[in-house]
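Enquirer: I'd like to go over a predicted model; first the sequence, then the structure.
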Amino acid sequence: MSIQVGLCGFPVSRHRYFESFKVVELQQTFYHPPELATVRKWQKEKPERFEYTMKAWQLITHEPSSPTYRRLRMKIPPQARTRYGSFRPSDEVLAAWAKTREVARTIGCRIILFQCPASFSPTEENRENLHRFFSSIEREGLRFAWEPRGSWSSEQVRSLCTELDLIHAVDPFSRASTHGEPAYYRLHGIGGYRYRYTVKELKALKGFCPETSNTYVMFNNVSMYENALEFLALLGEVGK
């Protein structure tokens with residue numbers, strides 16, 4: 001068993017980040033993937049054993065009505081708005097996947113996270129879109145983590161993740177992962193982003209990590225940097 005501790009994004013300079021952590025989940029790739037020259041720079045400057053995971057481009061998972069599209073550096077024509085997001089079987093979604101895959105290949109990423117908005121509910125259409133998307137794209141050795149939110153039941157998620165070979169990404173303080181290895185945890189803060197975890201809660205977090213497989217623990221709260229360092233200290237990893 002190993003526990004990989006990191007943050008969702010860089011709250012401090014990359015140089016400072018590399019001194020303490022061995023993994024980061026890239027967030028820029030969700031809003032609008034950076035130029036490949038930038039990605040190559042990130043890959044070149046990282047320490048030898050450092051790992052990047054990344055969020056898939058929002059054009060795959062989120063519809064243009066999402067407020068996250070405000071950070072998208074391209075215009076969506078009004079007549080094309082229904083062709084984006086929700087894993088739709090469209091050329092636009094497939095093009096967004098091709099760009100996501102290109103960035104992942106360039107930076108050496110092994111895990112791509114597909115985070116869905118709460119509005120992506122377990123309708124028949126959405127389930128069919130998930131099946132069609134993940135059954136058709138080339139994985140090329142990549143692992144896919146899916147973070148559903150909203151009204152998906154544990155059984156619905158378990159069934160889809162089993163059929164489509166997906167890791168069920170979760171905040172372990174909210175629900176248990178139903179399928180997939182390695183475990184992939186995203187800590188959003190208990191009750192909200194501004195929450196700071198207590199030592200007692202960090203000890204509980206350690207207990208959530210499976211003893212028989214590896215676990216990624218990615219903090220995504222306002223105190224993510226401090227909490228992650230505290231968790232590393234609890235694991236005895238500080239300074240290693």
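Expert: In hand now; what should we look at? Residues are numbered from 1 along each chain as shown.

Enquirer: what sits against the residue in the chain sticking out farthest from the centre?
Expert: For the chain, the residue at maximal distance from the C-alpha centroid (C-alpha atoms, centre = their mean) is Q79, at 29.7 Å. Listed by C-beta atoms under 8 Å, 6 or more residues apart in numbering, the contact set of Q79 is empty. Where C-beta positions appear, they are placed from N, C-alpha and C, glycine not excepted.

Enquirer: assign a three-state SS to it, would you?
Expert: helix (DSSP: H, G, I helix; E, B strand; the rest coil).

Enquirer: quick one: contacts for the nearest residue to F173 once chain neighbours are set aside?
Expert: Spatially, and ignoring its direct neighbours in sequence, F173 is nearest to I190 (5.5 Å; C-beta to C-beta, 6 or more residues apart in numbering). If you count contacts by C-beta under 8 Å, 6+ apart, I190 has them with F173, Y197, E201.

Enquirer: which of the residues you listed count as buried?
Expert: Buried by 16 or more other C-beta atoms under 10 Å: F173, Y197, out of these.

Enquirer: is it possible to export the contacts of I190 to CSV including pLDDT?
Expert: Output for those, formatted as CSV (pLDDT from 0 to 100):
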residue, pLDDT
F173, 97
Y197, 98
E201, 98
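
Enquirer: mind listing the helices in this protein by residue range?
Expert: 14-20, 28-31, 36-45, 58-61, 91-107, 124-136, 154-164, 199-208, 224-235 (DSSP state H).

Enquirer: number of nearby residues for the nearest residue to R158 once chain neighbours are set aside?
Expert: Nearest residue to R158, sequence neighbours excluded (C-beta to C-beta, 6+ apart): T178, at 3.7 Å. Residue crowding around T178 was assessed by other C-beta atoms under 10 Å; the count is 19.

Enquirer: do you know the pLDDT at T178?
Expert: For T178, the model assigns a pLDDT of 97.

Enquirer: contact partners for it?
Expert: If a contact means C-beta under 8 Å, 6+ apart, then T178 has S154, E155, V157, R158, C161, H168 as its contacts.

Enquirer: quick one, grab the pLDDT at the residue nearest to F173.
Expert: pLDDT, I190: 96.

Enquirer: what's the separation between it and A183?
Expert: 19 Å (C-beta to C-beta, to the nearest Å).

Enquirer: can you check A176 too?
Expert: Applying C-beta to C-beta, the value for A176 to A183 is 10 Å.

Enquirer: likewise R139?
Expert: Relative to A183, and taking C-beta to C-beta, R139 is found at 19 Å.

Enquirer: quick one: end-to-end distance for stretch 41-50.
Expert: The separation between the terminal residues of stretch 41-50, taken as C-alpha to C-alpha, to the nearest Å, is 14 Å.

Enquirer: residue contacts, the closest residue to V170 other than its chain neighbours?
Expert: Computed as C-beta to C-beta, 6+ apart, the closest residue to V170 that is not its neighbour in sequence is S177, at 4.9 Å. Listed by C-beta under 8 Å, 6+ apart, the contact set of S177 reads I167, H168, A169, V170, A183, Y184, Y185.
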